[in-house]
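Peer 1: give me coordinates for this.
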Amino acid sequence: MAGDIRDKYILLYKYLEDKGVIESNIESFNYFVDHEMTKVGRAMGFFSPRVLPQGLHDLKFKIERLWLSKADFMEKEGIIRIIYPNEARIRNITYSGTVFMEFSVYENESFKNKYQISIGKLPIMVRSKYCNTYGLSPEELIKIGEDPYDFGGYFIINGSEKVLVLSEELSTDKFFVQEESGGVVKYKGFLLSESLVVQYPHNIEMTKDSLLYVSFEKYKRIPLIPLLKVLGMDRDDEIYSFINEDDNFEETYINLLEYQDLQTQDDVIKYLADKLRLTGSFEVKREKLYGIIDTKLLPHVGTSPNDRMFKAYILTKYARKILLLAHGIIGEDVKDHLKNKVVRTPGDLIRDLFRVVLKTFVQDAMSQYDRLARRGKIPSYTSIFRAKVFTDRFQSAFATGKWTRNRVGVSQQLDRTNRLSVLSHLTRVWSSIEGEAELYEARMVHGTHWGRLDMIETPEGKETGLRKNLTLFAKISFEEIDINNFISQLEKLGLKSVKNKNFSRNN
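Peer 2: Have a look, this model is predicted:
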């Protein structure tokens, strides 16, 4: 009878055997370690101490690469050996591997040397390629005390099995528009701009008097037109063409006329510097202003001065989308549509934490260098990095569930009630919306959830619709896109690239 059922659903069984239900979780962790760890480190760029010893006028560090060893443990005698998950459970220790970093040092603007150090311990996902059970046969797993049918996809922290719950969030780097009710603002657009090392919320608002303002990071209500001009789009006809395209929105005229007195680039710089309350001489204000624009405005677009014109172009497209909403040509964005959502896998969540921890780790190292340099000592470049800072922060986050962006409950005790409860917990998806929020639409089933999110397995009460599960056949994609191939495909469809080109109407 069992054989007949298996024959009937042979494709189903074959898929589950080859892919597994939690394949995306394990692959996301592998992808983070293999690719994103080093990318995050390199994206931090150069970092320098504030205090330099005598004989040095410039000192810079740069991370070249990061990698992770397989799970290991140091005994009290100082002996390092590999361990398996079951030993970590029994001995109440953390199943983790050592993170290594290679960094370059530049003294007085010349390359000095490269160094390799261990920077701390990172929890390792059970059954990932960095787990010592990876590739073992069922017989070998039984021999070392492991369950050959264990799904994996979780971590062991101080002997406790922890799962990083999948997080359902609005997509980053995507601009959403909506109508506001009451107040000065009539229409609003927003996005979370995310690069490998930072995340900054951005808003574009249109007030009742039709003026457009941009807010990003801690800088609020910056007029759009002066911002476009300081980015390099200084001709009014260019701004008009990019915002309006083939339409004739009077709001564009209103915004251009509001700031017609700003005739020169220096006028714009002075106006925005005063708006942002920057201090110093004109040259200092200009340097500070462009530093803010380059690093904090749309960091997903880029942080180089060469990206300023492209940022200006992107802002005009955002402004146009708000005007299209204001004139009823398009509707508000549906936040519950799955195309506007992203499900954060364990690899994504660890990457968010990793970039914060790595930044803290580097800042601590620079502080250690400053402290020793003030005492007249010449610090060793490898001794200033304290592995305890890195290890403790990861250990604390996994143990308590407190994550970046004030998120709580990200790490949870794995439910071992039975095999199905384990599977359910590993595929659970939590919304970033609080349970007390009276957002009825967010709790309802959207048509795009079909086949991807389970519409039945959700709790009753205040968590209804906010706590869901992936379906058995759902797969979360996170593979890197070949951007050059992607652009070439778009160009074949007739689209033209505007980056690093002259922004004229003819392009």
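Peer 1: please count neighbours and contacts with C-alpha atoms only from this point.
Peer 2: OK.
Peer 1: distance between the lengthiest strand in the chain and the chain's centre?
Peer 2: If you go by DSSP state E, the chain has its longest strand at strand 110-123. For strand 110-123, the separation from the chain centroid amounts to 24 Å (computed by C-alpha atoms, centre = their mean, to the nearest Å).
Peer 1: stretch 317-337 now?
Peer 2: Put simply, stretch 317-337 sits 25 Å off its chain's centre (C-alpha atoms, centre = their mean).
Peer 1: distance-wise, check residue 369 relative to residue 45.
Peer 2: Taking C-alpha to C-alpha, to the nearest Å as the criterion, residue 369 is separated from residue 45 by 18 Å.
Peer 1: so which of these two has more stuff around it?
Peer 2: Legend: neighbour count by other C-alpha atoms under 10 Å for residue 369 and residue 45, higher for residue 369 (25 against 13).
Peer 1: which SSE is the more buried one in?
Peer 2: Secondary structure assigned from DSSP states H and E places residue 369 in helix 346-374.
Peer 1: so what does that helix touch, helix or strand wise?
Peer 2: helix 23-31, helix 37-43, helix 387-400 (3 or more C-alpha pairs under 8 Å, 6 or more residues apart in numbering; DSSP states H and E).
Peer 1: quick one: closest of those helices to residue 224.
Peer 2: Among these, the nearest to residue 224 by C-alpha to C-alpha is helix 37-43 (28.5 Å).
Peer 1: all strands of the stretch 101-250 of the chain, in order?
Peer 2: Assigned strands in the stretch 101-250 of the chain, in chain order: 110-123, 155-157, 160-164, 166-170, 176-179, 185-194, 199-207, 212-216, 219-223 (criterion: DSSP state E, counting those that start in this stretch).
Peer 1: of all the ones you listed, which one is nearest residue 493?
Peer 2: Proximity to residue 493 (C-alpha to C-alpha) singles out strand 176-179 among those, at 25.3 Å.
Peer 1: ok, residue 16 - how many residues close by?
Peer 2: Residues near residue 16, counting by other C-alpha under 10 Å, number 14.
Peer 1: quick check: it is in a strand.
Peer 2: No: according to DSSP: H, G, I helix; E, B strand; the rest coil, residue 16 belongs to no strand; its state is helix.
Peer 1: got the contact list for it?
Peer 2: Counting by C-alpha atoms under 8 Å, 6 or more residues apart in numbering, residue 16 makes contact with nothing.
Peer 1: state the distance from it to residue 415.
Peer 2: 22 Å.
Peer 1: just residue 325 next, same as before
Peer 2: The spacing between residue 325 and residue 415, counted by C-alpha to C-alpha, is 46 Å.
Peer 1: off-centre distance for the helix or strand that contains residue 255?
Peer 2: Assessed by DSSP H and E, residue 255 sits inside helix 250-258. Mean-position distance between helix 250-258 and its chain equals 36 Å (C-alpha atoms, centre = their mean).
Peer 1: same question for stretch 228-246.
Peer 2: For stretch 228-246, the distance to the chain centre is 31 Å (C-alpha atoms, centre = their mean).
Peer 1: CA-only coordinates of it, as PDB, when you get a sec.
Peer 2: Extracted in PDB, the C-alpha atoms of stretch 228-246 (Å, rounded to 0.1, in the frame of the first residue of the first chain):
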ATOM      1  CA  LEU A 228      18.700  67.900  -7.600                       C
ATOM      2  CA  LYS A 229      20.800  70.900  -8.500                       C
ATOM      3  CA  VAL A 230      23.500  70.200  -6.000                       C
ATOM      4  CA  LEU A 231      23.700  66.700  -7.400                       C
ATOM      5  CA  GLY A 232      24.500  68.200 -10.800                       C
ATOM      6  CA  MET A 233      21.100  68.400 -12.500                       C
ATOM      7  CA  ASP A 234      21.300  72.200 -12.500                       C
ATOM      8  CA  ARG A 235      19.200  73.100 -15.600                       C
ATOM      9  CA  ASP A 236      15.500  73.700 -15.000                       C
ATOM     10  CA  ASP A 237      14.500  72.300 -18.400                       C
ATOM     11  CA  GLU A 238      16.300  69.100 -17.600                       C
ATOM     12  CA  ILE A 239      14.500  68.700 -14.200                       C
ATOM     13  CA  TYR A 240      11.200  69.500 -15.900                       C
ATOM     14  CA  SER A 241      11.800  66.900 -18.700                       C
ATOM     15  CA  PHE A 242      12.800  64.100 -16.400                       C
ATOM     16  CA  ILE A 243       9.900  64.600 -13.900                       C
ATOM     17  CA  ASN A 244       7.200  65.300 -16.400                       C
ATOM     18  CA  GLU A 245       8.300  63.300 -19.400                       C
ATOM     19  CA  ASP A 246       5.300  63.500 -21.800                       C
END
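Peer 1: buried ones in that stretch?
Peer 2: Going by neighbour count (16 or more other C-alpha atoms under 10 Å), the buried part of stretch 228-246 is 228-234, 236, 239-244.
Peer 1: taking these one by one, which sit in helices?
Peer 2: Among the buried residues of stretch 228-246, the members falling in helices (DSSP state H) are 228, 229, 230, 236, 239, 240, 241, 242, 243, 244.
Peer 1: and those, which is closest to residue 410?
Peer 2: Of all these, residue 228 has the smallest distance to residue 410: 39.2 Å, by C-alpha to C-alpha.
Peer 1: check the gap between the closest one and residue 317 for me.
Peer 2: Applying C-alpha to C-alpha, the value for residue 228 to residue 317 is 12 Å.
Peer 1: same check, this time on residue 175
Peer 2: Taking C-alpha to C-alpha as the measure, residue 175 falls 10 Å from residue 317.
Peer 1: please say which of these two ends up with more neighbours.
Peer 2: Applying other C-alpha under 10 Å to residue 175 and residue 317 shows that residue 175 carries more neighbours, namely 20 against 17.
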